[in-house]
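>>> Predicted model and sequence below, questions to follow.
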There are 2 protein chains.
Amino acid sequence: MTQEAEGAGLSEEQYRRKMQRRQEVQQQRIAERNVEKGLVIINTGNGKGKTTAALGMVMRSLGHSYRVAIVQFIKGAWEPAEKAVLERFGDQLTFQAMGEGFTWDTQDRDRDTQTAQTAWETALSYIRNPLYKTILLDEINIALKHGFLSVDQVVAGLAEKPEMTHVILTGRGAPQALIDQADLVTEMTLVKHPFREQGIKAQPGIEY
Amino acid sequence: MTQEAEGAGLSEEQYRRKMQRRQEVQQQRIAERNVEKGLVIINTGNGKGKTTAALGMVMRSLGHSYRVAIVQFIKGAWEPAEKAVLERFGDQLTFQAMGEGFTWDTQDRDRDTQTAQTAWETALSYIRNPLYKTILLDEINIALKHGFLSVDQVVAGLAEKPEMTHVILTGRGAPQALIDQADLVTEMTLVKHPFREQGIKAQPGIEY
């Protein structure tokens, strides 16, 4: 391990000054940021953590006593452990698992398209409803990638959201038009993955 | 929007076959992966979602009724909304906010080092205790970056974990020795950020 620690070689006084400058920069940044608005958030990329990070945001919203809606576009349902956690929040959380499983299980394009369109109509009803403060459209990018939904449809739907509503969209391969519309876009990149490299199966408590 | 949907131009029969092939590949992959073990997981990179994705994993673990410990290395404490959610799990979750705030608030290297070392001793006691199935060392990479902890110390500590325990380490700038030791490493990359570009402040329910 050759990496040098950041503060190495600084005297106590130099360290104090360095940290003081950082504190000032940080305080100024916070002061400059005063806009409050609902965000369009995209978690994309080929790595892990897209849905997981969205789940973390859902938890934060629930912690603020916001009403939250989740629409699951592709997977048949979230796993029992996730549901067990989400069920603790009762009516505060609306969960719609519209997908009938991964598309490679149905093998029927018309049915897949219909399922995704129905999920989108449901999502749109939540997006328009200002009672919902945070809406998670999980794996919607996959539905877009397969052409079950059109990008124009989703762009137009997001434009209808009330100003203070947050909408989170997940899935690899987010289309550019969605990225253009979003406020916060994060790409999750796989650096190392135990499934592929070590033959390790999905672990409860981590993957589901 | 010029991106072509993946299934476009395929006949129904071609679509069905394509999806069938995918299903087969997927089933084979799952069959090949049969190792169960606790994972060392790193969420790093300059983007958002490192702690948030870890929080999602913590929620999954809690949903499986696992005991979970969180040690917060740098920030003074998690925000009230996160705590409100975590408190619902009572004794199932142990939360140690050892940091005394960002380092640029204390400006005293000895105190910062002492705080981080105390946090690490606590973390180590959880890592060694097989009752804890998932342990989150939040922002530990920042403590490493500032030299408050040594990488060797952490590498040696992780080697002591019981086989089935998951340990999640977050923070930008994960050192290479930790990446080498980890099973699952994800880099969160910032594609677009509302704070920087639009002057939008941190939004409740999303950032905290």
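Perfect, thanks for sending it.

>>> next helix or strand past the strand or helix carrying A:Q14?
According to DSSP states H and E, A:Q14 maps onto helix A:12-32. Sequence-wise, the next helix or strand downstream of helix A:12-32 (DSSP H and E) is strand A:40-44.

>>> Show me what that following strand is packed against.
Applying 3 or more C-beta pairs under 8 Å, 6 or more residues apart in numbering or on different chains; DSSP states H and E, one finds that strand A:40-44 contacts helix A:50-63, strand A:166-170, helix A:176-181, strand A:184-192. Just so you know, the C-beta spots here come from the backbone N, C-alpha and C atoms, and that holds for glycine as well.

>>> Which positions in that strand come out as buried?
A:V40, A:I41, A:I42, A:N43, A:T44 (16 or more other C-beta atoms under 10 Å in any protein chain shown).

>>> quick one: strands adjacent to that strand?
In the sheet containing strand A:40-44, the strands it pairs with under DSSP bridges are strand A:166-170 (parallel), strand A:184-192 (parallel).

>>> Tell me where the model's unsure across chain A.
Low-confidence segments of chain A (pLDDT under 70): A:1-8, A:30, A:32-34, A:75-79, A:98-106, A:194-200.

>>> quick revisit: and the helix holding A:Q14, how far from the chain's centre?
32 Å (C-alpha atoms, centre = their mean, to the nearest Å).

>>> Likewise for stretch A:83-93?
For stretch A:83-93 - counting by C-alpha atoms, centre = their mean - the centre lies 18 Å from the chain centre.

>>> re earlier: could I get the helices and strands packed on strand A:40-44 as a markdown table with distance to B:L136 and mean neighbour count?
Shown next, in a markdown table, are the helices and strands packed on strand A:40-44 (distance: least, C-beta to C-beta, whole Å; neighbours: other C-beta atoms under 10 Å in any protein chain shown):
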| stretch | distance to B:L136 | mean neighbour count |
| --- | --- | --- |
| helix A:50-63 | 11 | 27 |
| strand A:166-170 | 21 | 27 |
| helix A:176-181 | 30 | 15 |
| strand A:184-192 | 18 | 22 |
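
>>> can you redo these as CSV with distance to A:Q107?
CSV is the format used below for those (distance: least, C-beta to C-beta, whole Å):
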stretch, distance to A:Q107
helix A:50-63, 24
strand A:166-170, 24
helix A:176-181, 27
strand A:184-192, 28
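
>>> Out of these, flag the one nearest A:V85.
In terms of C-beta to C-beta, the element of these nearest to A:V85 is helix A:50-63, at 8.2 Å.

>>> which residue is nearest the middle of chain A?
A:A54 (3.4 Å; C-alpha atoms, centre = their mean).

>>> need the contact list for it.
By C-beta atoms under 8 Å, 6 or more residues apart in numbering or on different chains, the contact set of A:A54 is A:I41, A:N43, A:L136, A:D138, A:I168, A:T170, B:G56.

>>> again, 7 Å this time
Applying C-beta atoms under 7 Å, 6 or more residues apart in numbering or on different chains to A:A54 gives the contacts A:N43, A:L136, A:D138, A:I168, A:T170.

>>> Doesn't the second one lie inside a strand?
Think A:L136. Yes - per DSSP: H, G, I helix; E, B strand; the rest coil, A:L136 lies within a strand segment.

>>> Assess the claim that it and A:I70 are in contact.
Yes - shown here, A:L136 and A:I70 form a contact pair, counting by C-beta atoms under 7 Å, at 4.5 Å.

>>> Would you mind telling me which of the two has more residues around it?
Ranked by neighbour count (other C-beta atoms under 10 Å in any protein chain shown), A:L136 and A:I70 place A:L136 first, with 27 against 24.

>>> Which residues are in contact with each of A:L136 and A:I70?
With C-beta under 7 Å, 6+ apart as the test, A:L136 and A:I70 both reach A:V58.

>>> how about stretch A:80-97: buried residues?
A:A81, A:E82, A:A84, A:V85, A:L86, A:F89, A:L93, A:T94, A:F95, A:Q96, A:A97.

>>> Any chance of CSV for the residues you listed, columns distance to A:Q107?
Putting those into CSV (distance: C-beta to C-beta, whole Å) gives the following:
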residue, distance to A:Q107
A:A81, 29
A:E82, 26
A:A84, 31
A:V85, 32
A:L86, 30
A:F89, 35
A:L93, 32
A:T94, 30
A:F95, 26
A:Q96, 23
A:A97, 20
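
>>> if you look at the residues you listed, which of them are in strands?
A:L93, A:T94, A:F95, A:Q96, A:A97 (DSSP state E).

>>> Let's have those in CSV, adding distance to chain B.
What follows is those, written out as CSV (distance: C-beta to the nearest C-beta, whole Å):
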residue, distance to chain B
A:L93, 12
A:T94, 15
A:F95, 13
A:Q96, 19
A:A97, 16
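
>>> quick one: which of those is nearest B:G157?
A:L93 (37.0 Å).

>>> Identify the residues contacting the nearest residue to that closest one once chain neighbours are set aside.
Leaving aside its sequence neighbours, A:L93 sits nearest to A:V68 (C-beta to C-beta, 6 or more residues apart in numbering or on different chains; 5.0 Å). By C-beta under 7 Å, 6+ apart, A:V68 lies in contact with A:V58, A:S61, A:L62, A:Q92, A:L93, A:Y132, A:K133, A:T134.

>>> Please dump these into JSON lines; it should also carry distance to A:Y208 for every row.
Output for these, formatted as JSON lines (distance: C-beta to C-beta, whole Å):
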{"residue": "A:V58", "distance to A:Y208": "15"}
{"residue": "A:S61", "distance to A:Y208": "21"}
{"residue": "A:L62", "distance to A:Y208": "19"}
{"residue": "A:Q92", "distance to A:Y208": "22"}
{"residue": "A:L93", "distance to A:Y208": "18"}
{"residue": "A:Y132", "distance to A:Y208": "25"}
{"residue": "A:K133", "distance to A:Y208": "26"}
{"residue": "A:T134", "distance to A:Y208": "22"}
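
>>> Quick check: of those residues, which lies closest to B:A182?
Nearest to B:A182 among the contacts of A:V68, with distances taken as C-beta to C-beta, is A:V58, at 26.0 Å.

>>> hang on, that closest one packs against A:L136?
Yes - counting by C-beta under 7 Å, A:V58 touches A:L136, with 5.8 Å between them.

>>> Name the residues contacting each of those two.
Counting by C-beta under 7 Å, 6+ apart, the residues touching both A:V58 and A:L136 are A:I70.

>>> mind listing what A:G56 touches?
B:T52, B:A53, B:L55, B:G56.
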